[in-house]
Each structure stands twice: as structure tokens, then as C-alpha cells.
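Engineer: I'd like to go over a predicted model; first the sequence, then the structure.
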Amino acid sequence: MSAVTIPIRAASAGGCSDAPVLRERGQHEVFCGLTGIIWLHRKIQDAFFLVVGSRTCAHLIQSAAGVMIFAEPRFATAIIDERDLAGLADANAELDRVVNQLLARRPEIKLLFLVGSCPSEVIKLDLARAAARLSTTFSPSVRVLNYSGSGIETTFTQGEDACLASMVPGLPASAPNAPTELLVVGALADVVEDQFLRLFKHMGVDRVRFFPPRRASDMAPVGPNTRMLLAQPFLADTARALQARGATLLAAPFPLGVEGTTLWLQAAARAFAITEAAFDAAVAPATQRARAALARARLALEGKSIFFFPDSQLEIPLARFLARELGMRLLEVGTPYLHRQNLAQELALLPEGTFLSEGQHVEKQLERCRAAQPDIVVCGLGLANPLESEGMTTKWAIELVFTPIQGFDQAADLAELFTRPLLRRMRLAA
Ligand code: SF4
């Protein structure tokens, strides 16, 4: 292993609840779970992500997060080289050396994630044991956790799920008689968190925590008093781990668009016995602003057709928003995994007869897409260029994860992510 490459760094039943889903297994085109580091390292400000991987992994992270090159990065790759792969070096000793070097140079790090990759899995490096060993060495100033971002095991957004799930066992237990607390689960941009916090406070929900926290020392206690709202649809393992710690999951659609955000906030309001009047007073101004802004986007998008390739797991909430609030026609909504329980409220809101697919056989799906000739295609970077060269208009799924899109004040920005490529195409054609 070479030295660390730090230099860079509640709806009613109906809709599609029981709709048949086309399940496909074949070649698929998605990023691996390492990608999550790009937004997670910005969120938890005293954490560091050390990928234990190859030069390919280092290149992926460095090029995807290249915009952060000016700042002291909070991620790096410990490169597994040929000697490690051939079993000639003691990979654990090398990893310890790299971690020692890193923590000596960066005393501000309080939480270190060892992130597994395809190569670390191939050589069966036991990162759970390494994390436990290093945690003992550096406790109490640094906690060391591990999760896998390997492309063998994870897609794109599952990296966040694996990362958050790895933190759940370390959350403190809430006191036996602790008052009911709301836990918002899933990384959100700080600006979005602040907006939600204001809305919760305005309606009378005062005890609100976010997970992941902005600082490693600010871990929310969890227990039977915890009511959790998922802010992202790709957190099945994290939700299960929190439920096992006693938390109750509040059923709700995801906070995309006016409708999704209202129902999401309403789920919390119900759990905290907030009156309808207090809820309406809290959300009315933001709702009105967002509706007015969306009316303009609707002029550009109404009647336009859209095709989703599976990528971020945001596809179903996005499709619901685009169909119901902007009048778009859904030709196919593909998702890497369909977690029916966490998405039950979303499925119930999808237009009846929406064509859903889970998993991917990329060639077959490309054929369906070409035959359908959608006005816009949501897909990964690998498919966008070929489809654009065939004359289709595309939207990169990854951009939808990097951009703050949740909440009332972001609803119009979210719509604009779809109007912009269509307008660009129209200008090119003119
Ligand atoms: S974890 Fe696997 S898929 Fe991801 S960059 Fe590394 S080698 Fe590639």
C-alpha cells in the first residue's frame, strides 16, 4: 500500500401501490458507492473518508469532487498496490501506518471512515477489524468506522446508506423518559436543513435533530422516543438499523415539490399532535411562493415525456413530482432497487399505469428508450453522451443528488433542472 494520496483530497392507497414491476438483471451502468463521499465529506465537517482502494478509486473520487481542490480535503485514498494484491505486504500494517500518518497531520479529524472498495474486497481485507483496532488506539479523540462503497456491492447512493448505517450503533441511547424527538435522516444541504428547522419550529415541533450531524460530536440520542422522517429514499439499511434501536419510522412521501414537502412535514405534525391551524400557518407562505414559482416551470414542462434509467433511487419521488405538479408524462420509471415499504406513499401517488422497472439490462432498456423517443431522459453520465449524440435530451441523475432540491424553496430549482436541458436543446435546434 503506498502512502496516502492526500494531495487532492401519507397518501391514500391507490396509484401504483400494487402495480407490476419489470425486474431486470443484466449489465448495468451506475457509479459505485464511493461517490457518496463527495457530498458526505461536506456534511460531517470533522469527519474524514479514507478509501482503501486502487488508483481507479482515487481517480473516481478526485475527478468527481475536483471542485473542492482548493480546500484541505476530507477524503483520500490509501492505494492498494501490486505487492498488497499479491499478498507480499502486510496490508493491515500498511493501513495502520497510513492512518497514523494521517491523524498526526490532521488533528481536527474526529471521525474516520475506512471505506472499502472492490480491491479491498478482492484481497479480503477485514476493514471492520481494522476499524475496531484503530478505534481502540485512537479513542477517545478519534472514532474509526468502516463501510463498503465497492461497486461489487453498492450503487451510487447506497454509499450514503452504508455510511449512515455504520454510525447507528455508536449513537447514544436516549434516556428512558426522554421526550419525543424528531430525527430527520439523510444528508441534506445545510441551507435546506435550516429551512426545515424553521418550519418545524414555526409549527411547534421544537425537538428536531438531523442525521448525519454536521459535527461528529453531535450524535443524536436514539430510542423509543425517536420519530424518524427519511429525507432520502435510499436509506433502507439505515432505517432498519434505527428501527432496531427503537425508533419509529413516520410514513411519508419524500420532500420533493410542494406536495411531497407538505405531506412529509404533515407526517411530523401528526406525530407531534400539531393542530391543522398551526400547521397551515407555518407552511402557507412558503407553499404559496413555491406554487407561484412552479406555475412558470409548468408552462415549459406540461405534456413533455420523460424516461428514467435506474441510477440514484430518487427516480420514483422525482417522477411523482414531475407528473403531478408539472404535468409531465412518465414513459418508464427505472430504479436500481424498489423498496416497497419505504416508497409506499410515493407509489400510491404515481399516476395509475406508470411503467416501473427495477434493476437494469442496459441494452434492453436502451431499446425501449429509443422506441419511446422521450422529450427528456434521466440517466447516468455513461449513457448521457451516447443518447445526446442520438439527438435525445438528457439530465444527469448525479446532478439531482448534488443539488439542494428538497423543500418548498427548492421546488422551482428542481423543476428548472428539467426545463434547462429542454430549452438548451430547443436553442440548438433553432
Ligand atoms: S470501488 Fe470498485 S467500482 Fe468503485 S472506483 Fe473503486 S474499483 Fe471502481
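Structural biologist: Great, that's in hand.

Engineer: Would you check how far apart the residue of the stretch 251-400 of the chain found nearest the ligand and Leu366 are?
Structural biologist: When scored by C-beta to the nearest ligand atom, the stretch 251-400 of the chain has Gly382 as its residue closest to the ligand, at 12.3 Å. Glycine gets a C-beta too; all of them are placed from N, C-alpha and C. Between Gly382 and Leu366 the computed distance is 11 Å (C-beta to C-beta, to the nearest Å).

Engineer: Looking at the two, which one has more neighbours?
Structural biologist: More crowded of Gly382 and Leu366, by other C-beta atoms under 10 Å: Leu366, with 18 against 14.

Engineer: so the more buried one is in which element?
Structural biologist: helix 362-372 (DSSP states H and E).

Engineer: Show me what whatever helix or strand comes next after that helix is in contact with.
Structural biologist: Remark: after helix 362-372, the chain's next helix or strand is strand 376-379, criterion DSSP H and E. Outside strand 376-379, the residues within contact range by C-beta atoms under 8 Å, 6 or more residues apart in numbering are 29, 304-309, 311, 315, 318, 369, 383-384, 387, 392-397, 400, 418, 421-422.

Engineer: Now the phi/psi pair for the residue most central in space within the chain, please.
Structural biologist: Centroid-nearest residue in the chain, with C-alpha atoms, centre = their mean: Thr157, separated by 4.8 Å. When quoted as degrees, to the nearest 10, the phi and psi of Thr157 stand at phi -80, psi -10.

Engineer: Please report the distance of it from Phe113.
Structural biologist: Thr157 is 16 Å from Phe113, by C-beta to C-beta.

Engineer: Ala189 too?
Structural biologist: Counting by C-beta to C-beta, the gap from Ala189 to Phe113 is 20 Å.

Engineer: which one of these two has more residues nearby?
Structural biologist: Phe113 (28 against 18).

Engineer: Excluding covalently adjacent residues, which one is nearest to that one?
Structural biologist: Counting by C-beta to C-beta, 6 or more residues apart in numbering, Phe113 lies nearest to Phe49, which is 4.9 Å off, once chain neighbours are set aside.

Engineer: In a helix, that neighbour, correct?
Structural biologist: No. Counting by DSSP: H, G, I helix; E, B strand; the rest coil, Phe49 falls outside a helix, being strand.

Engineer: That one contacts Gly116, doesn't it?
Structural biologist: No. Taking contacts as C-beta atoms under 8 Å, Phe49 lies outside contact range of Gly116: 11.4 Å.

Engineer: who touches Ala189 in this structure?
Structural biologist: Ala189 neighbours (C-beta under 8 Å, 6+ apart): Pro404.

Engineer: And the strands in the stretch 251-400 of the chain, which stretches?
Structural biologist: For the stretch 251-400 of the chain, the strands defined by DSSP state E, counting those that start in this stretch occupy 305-308, 329-335, 356-360, 376-379, 394-396.
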